[in-house]
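*Asks:* Here is a sequence with its predicted model. Questions after.
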Amino acid sequence: MFVGFGTVTNVATVLVGSGLGMLVGHRLSPHVRTTVTSALGLVTLLIAAQSALAVSDPVLSDAVGDSAPTLIVLGALVVGGIVGAALRLEERLEGLGGWLQTRLTRGGTDGEARERFVEGFVISSLVFCVGPLTILGSLNEGLGNGADQLLLKSTLDGFAALAFAASFGIGVMASALSVGLIQGSLTLVGVLLGSFLPDAHLAALTATGGLILVGVAIRLLDLRAFAVADLLPALVAAPILCQIVIATR
């Protein structure tokens, strides 16, 4: 297999899954689509909780101290949120979704159709690209350790895309662009790095990503709408803060 095979497979499963979802979506009542979306929100919350528990990883506490892991995650989210808000990441992602909607759909450019497209694009992009499997799998493949993690993620994303597309339509299919860009970039980073993140840094990053996924779940469950994408820089801030704490001990 060539480097990038896992990402290519993931893009394909998102396209196929969302295509199947669009075929059956019009046959589902709004109540069924809402129920499916809520179910995905609950599953996303479960995955998020499992990731967030990395904050209690002994490797992290041994490296930074017992009280520091939670503060590192908090600091990463605060710093990441400030940077993301300053860069207007959520607004830019929604703008990209609107731009794609006008080019990938015929007619249906009314406000409701655009909002549904953008919501599907933003939510599915976050779900498919924020999880630890995205980062670990892409880096591992770039480092020559195989694409097993991304192949597992591809299967999960294919089923999720089917369910999302049944509710949100073609916006979910457009998220394949996000998957290709982000995972491809991370795979390239793995090729260039030639070494893995230390376990402690990885645990901090995973826990931070888990809390961002909680935000995605909250949106899917329609509990509160807030700019989850603005928190994405926290994924970069977490390992940096971890290294700062280790260096000052």
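*Replies:* Yep, it's here.
*Asks:* Please compute how far the helix-or-strand element of the chain with minimal mean pLDDT lies from its chain's middle.
*Replies:* Every helix and strand in the chain was compared by mean pLDDT, DSSP states H and E; the lowest is helix 89-104, with a mean of 76. Centre-to-centre, helix 89-104 and its host chain are 17 Å apart (CA atoms, centre = their mean, to the nearest Å).
*Asks:* same deal with stretch 86-99?
*Replies:* 15 Å.
*Asks:* what's it in contact with?
*Replies:* By CB atoms under 8 Å, 6 or more residues apart in numbering, the list of residues contacting stretch 86-99 from outside reads 84, 114, 117-118, 121-122, 125, 171, 174, 227-230, 232-233. For every residue, glycine as well, the C-beta is placed using N, CA and C.
*Asks:* let's see it at 10 Å
*Replies:* 80-81, 83-85, 109, 114-115, 117-123, 125-126, 171, 174-175, 177-178, 226-233 (CB atoms under 10 Å, 6 or more residues apart in numbering).
*Asks:* If you count neighbours, what's buried in that stretch?
*Replies:* Buried residues in stretch 86-99, defined by neighbour count with 16 or more other CB atoms under 10 Å: 89-90, 93-94, 96-98.
*Asks:* Where does pLDDT dip in this structure?
*Replies:* 25-26, 28, 101, 104-111, 131-132, 193-196 (pLDDT under 70).
*Asks:* most centrally placed residue in it?
*Replies:* Val130 (2.3 Å; CA atoms, centre = their mean).
*Asks:* so how far is Gly137 from it?
*Replies:* Distance, Val130 to Gly137, using CB to CB, to the nearest Å: 13 Å.
*Asks:* How about Asp230?
*Replies:* Asp230 is 24 Å from Gly137, by CB to CB.
*Asks:* the more surrounded of those two?
*Replies:* Gly137 (28 against 24; other CB atoms under 10 Å).
*Asks:* show me what contacts that one?
*Replies:* 6-7, 10, 131, 145-154, 183, 186-187, 190.
*Asks:* Try it again at 8 Å.
*Replies:* 6, 147-150, 152-153, 183.
*Asks:* Could you pick out the buried ones from the residues you listed?
*Replies:* Buried among the contacts of Gly137 (16+ other CB under 10 Å): 6, 147, 149-150, 153, 183.
*Asks:* Take these and keep only those in strands.
*Replies:* Judged by DSSP state E, the buried ones among the contacts of Gly137 include no members of strands.
*Asks:* Closest one of those residues to Leu211?
*Replies:* Of all those, Leu211 sits closest to Lys153, with 19.5 Å by CB to CB.
*Asks:* Which residue is the nearest non-sequential neighbour of that closest one?
*Replies:* Leu133 (4.2 Å; CB to CB, 6 or more residues apart in numbering).
*Asks:* likewise Leu188?
*Replies:* In space, Leu188 is closest to Gly142, 6.4 Å off (CB to CB, 6+ apart).
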